[in-house]
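**Q** only geometry, no sequence info:
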């Protein structure tokens with residue numbers, strides 16, 4: 001089992017920020033208005049809360065969630081997000097998010113091969129929940145679809161980014 005001490009400060013910051021990055025990729029794919037943005041943005045935060053409360057959660061997922069609950073962990077994640085996304089327009093955000101998720105996957109391959117699959121699945125679940133959080137299209141919350149075609153495509157891209165460094169099955 002990998003622990004925080006197995007990672008450099010920079011690597012750990014990427015792991016800490018990765019739940020937010022997964023949600024940001026979805027949001028950038030198809031912005032859903034104010035309420036949709038709020039709902040999609042909360043997916044990563046709720047995933048962290050759930051991981052802390054779930055005794056069955058993967059140990060690395062739980063350790064990331066526990067560290068994020070500290071002021072130091074949140075500051076580290078915030079610094080990482082600002083470094084990667086600060087001043088970025090929405091058009092570029094998705095590409096940066098996918099690159100960040102690929103980097104997280106490579107870190108997991110190198111430093112946490114045993115925990116990597118569960119961590120990747122957790123990030124994919126966060127992205128899926130973000131995609132399902134806001135209704136796309138419609139008017140005043142009526143009509144529209146739960147997950148747009150752009151979001152479906154982005155979910156596939158996230159899956160590829162997280163699997164990019166894994167050997168083929």
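**A** That came through, no problem. Being a predicted model, the structure only gives us computed values, none of them experimental. Residues are numbered from 1 along each chain as shown.
**Q** go through the least confident helix or strand in the chain by mean pLDDT and flag the buried ones.
**A** Lowest mean confidence among the helices and strands of the chain (mean pLDDT, DSSP states H and E): helix 33-53, at a mean of 80. By 16 or more other C-beta atoms under 10 Å, the buried positions in helix 33-53 come out as 36, 39, 40, 41, 43, 44, 46, 47, 48, 50, 51, 52. C-beta: built from backbone N, CA, C; applies to glycine.
**Q** and which of the residues you listed is nearest to residue 154?
**A** Residue 154 lies nearest to residue 40 out of the buried residues of helix 33-53, by C-beta to C-beta, at 11.4 Å.
**Q** what about the strands in this protein?
**A** Assigned by DSSP state E, the chain shows no strands.
**Q** for it, which spans come out with low pLDDT?
**A** The chain contains residues with pLDDT under 70 at 32-37, 134-146, 164-169.
**Q** what about the helices in this protein?
**A** With helices called from DSSP state H, the chain shows them at 9-29, 33-53, 59-68, 71-85, 90-111, 116-133, 149-163.
**Q** pick the most deeply packed of those helices.
**A** helix 9-29 (a mean of 24; mean count of other C-beta atoms under 10 Å).
**Q** mind putting the buried residues of helix 33-53 in TSV, distance to residue 92 included?
**A** Compiled in TSV, those are given as follows (distance: C-beta to C-beta, whole Å):
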residue	distance to residue 92
36	20
39	23
40	18
41	18
43	21
44	20
46	26
47	24
48	25
50	30
51	29
52	32
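**Q** ok, residue 49 - contacts?
**A** residue 65 (C-beta atoms under 8 Å, 6 or more residues apart in numbering).
**Q** contacts only, for residue 42.
**A** For residue 42, the contacting residues are residue 133, by C-beta under 8 Å, 6+ apart.
**Q** now do the same end-to-end measure for stretch 133-150.
**A** One end of stretch 133-150 to the other measures 14 Å (C-alpha to C-alpha, to the nearest Å).
**Q** neighbours of residue 86, how many?
**A** Neighbours of residue 86 under the rule other C-beta atoms under 10 Å: 8.
**Q** closest to residue 3 out of the helices of the chain?
**A** Of all those, helix 59-68 sits nearest to residue 3, with 6.2 Å by C-beta to C-beta.
**Q** how close does residue 120 sit to residue 107?
**A** Noted for residue 120: a distance of 11 Å to residue 107, by C-beta to C-beta, to the nearest Å.
**Q** again with residue 23
**A** Distance from residue 23 to residue 107, by C-beta to C-beta: 19 Å.
**Q** now do residue 117
**A** Residue 117 is 14 Å from residue 107, where distance means C-beta to C-beta.
**Q** okay then, goodbye and thanks.
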